[in-house]
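S.K.: 3D, please:
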Amino acid sequence: MKAREAAGGGRTVEVPPERLAGFFARFAERHDGITAVAGAPRALVVTAGDGTTATATVPFGPLDAPSVDALVAHALRPRRIALLLVRLGGHSVGVARDGRVEVSRTDRHLVQGRSAAGGWSQQRFARRRAGQARHALQDAAKDAFEVLVPRLSEVDAVVLGGDRRALDELREDRRLAPLFARAEPRVLDVGEPSRAVLEEAAARALSVQVTLRDG
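M.R.: Got it, this is the predicted structure:
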């Protein structure tokens, strides 16, 4: 489990469902036991004896009861998930059951980087780049509409990943409104979309984000 710095301090880790019970058992051992558990539909705050807190963001909420056992059971529940990963240079969409991709479509497009030149050449370059980006996002919207929207009745949730600005562009496509209406709040940070990245995202989407802060 890789840790990254969390906004407001602390560190955040992604814990796979099958490792969640062990994670909290080790948390209790290292921090003088668990003294309090406070819950909300989308979060569970576990406080240790030394004041350290572990705040778990509940995926696919709400959580039935404010307890670690309930969170573990919730995370282990079998699920089929629609995934939409997009960056300006490409996209990958798919449906995964229990972390394994069942159907997918991936495409890549040339979107040139920003030019350091100025004047008329810069303006022409910017127009070309904008056209490339628009074409790439149109293709992403088309694939999301064809692959994911017809399967929305078969999935338990929708998980997004990639560049937030590109995703915001896709939100404006009315055909994708049902897809974005069911999207989880969490947006996965992923590299350039590919089949391999999609498979990794399918497993990561099931994980529980836990933010650790010292007492």
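S.K.: those helices in the protein, which residues are they?
M.R.: Assigned by DSSP state H, the helices in the chain fall at 20-30, 68-76, 119-143, 164-171, 177-181, 195-204.
S.K.: among the ones you listed, which is nearest Arg213?
M.R.: helix 20-30 (12.1 Å; C-beta to C-beta). Bear in mind the C-beta positions are built from the backbone N, C-alpha and C, glycine included.
S.K.: Please identify which of the helices of the chain is closest to Val37.
M.R.: That would be helix 68-76 among the helices of the chain, by C-beta to C-beta, at 6.5 Å.
S.K.: starting at the chain centroid, how far to the closest one?
M.R.: Mean-position distance between helix 68-76 and its chain equals 19 Å (C-alpha atoms, centre = their mean, to the nearest Å).
S.K.: what angle separates it from helix 20-30?
M.R.: Inter-element angle recorded for helix 68-76 and helix 20-30: 150 degrees (by axes from the mean of the first three to the mean of the last three C-alpha atoms, to 10 degrees).
S.K.: Where does the prediction get shaky in the protein?
M.R.: For the chain, the stretches flagged by pLDDT under 70 are 1-2, 109-133.
S.K.: Can you give the domain ranges for it?
M.R.: 3-78+207-213, 80-204 (automatic domain parsing).
S.K.: Touching stretch 93-109 from outside, list them.
M.R.: Residues outside stretch 93-109 that contact it (C-beta atoms under 8 Å, 6 or more residues apart in numbering): 78-85, 88-92, 132, 135-136, 139-140, 143-144, 146-148, 151, 154-155, 192-195, 198-199, 202-203, 205-206.
S.K.: re earlier: and the helices of the chain as JSON lines, adding mean neighbour count?
M.R.: Listed next are the helices of the chain as JSON lines, based on neighbours: other C-beta atoms under 10 Å:
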{"stretch": "helix 20-30", "mean neighbour count": "15"}
{"stretch": "helix 68-76", "mean neighbour count": "19"}
{"stretch": "helix 119-143", "mean neighbour count": "15"}
{"stretch": "helix 164-171", "mean neighbour count": "16"}
{"stretch": "helix 177-181", "mean neighbour count": "15"}
{"stretch": "helix 195-204", "mean neighbour count": "19"}
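S.K.: gap between the residue nearest the centre of the chain and Asp64?
M.R.: Centroid-nearest residue in the chain: Leu188, 2.8 Å away (criterion: C-alpha atoms, centre = their mean). Using C-beta to C-beta, to the nearest Å, we find Leu188 at a distance of 25 Å from Asp64.
S.K.: next one: Glu169
M.R.: In terms of C-beta to C-beta, Glu169 sits 36 Å off from Asp64.
S.K.: likewise Ala38?
M.R.: Applying C-beta to C-beta, the value for Ala38 to Asp64 is 15 Å.
S.K.: How about Glu184?
M.R.: Glu184 is 18 Å from Asp64, by C-beta to C-beta.
S.K.: Quickly list what the nearest residue to Leu198 once chain neighbours are set aside is bridged to.
M.R.: Residue nearest to Leu198 in three dimensions, not counting chain neighbours: Ser92, with 4.3 Å by C-beta to C-beta, 6 or more residues apart in numbering. For Ser92, the beta-bridge partners under DSSP bridges are Leu85, Thr106.
S.K.: residues in contact with Ser92?
M.R.: By C-beta under 8 Å, 6+ apart, the neighbours of Ser92 are Leu83, Leu85, Val86, Ser104, Arg105, Thr106, Asp107, Pro193, Ser194, Arg195, Val197, Leu198.
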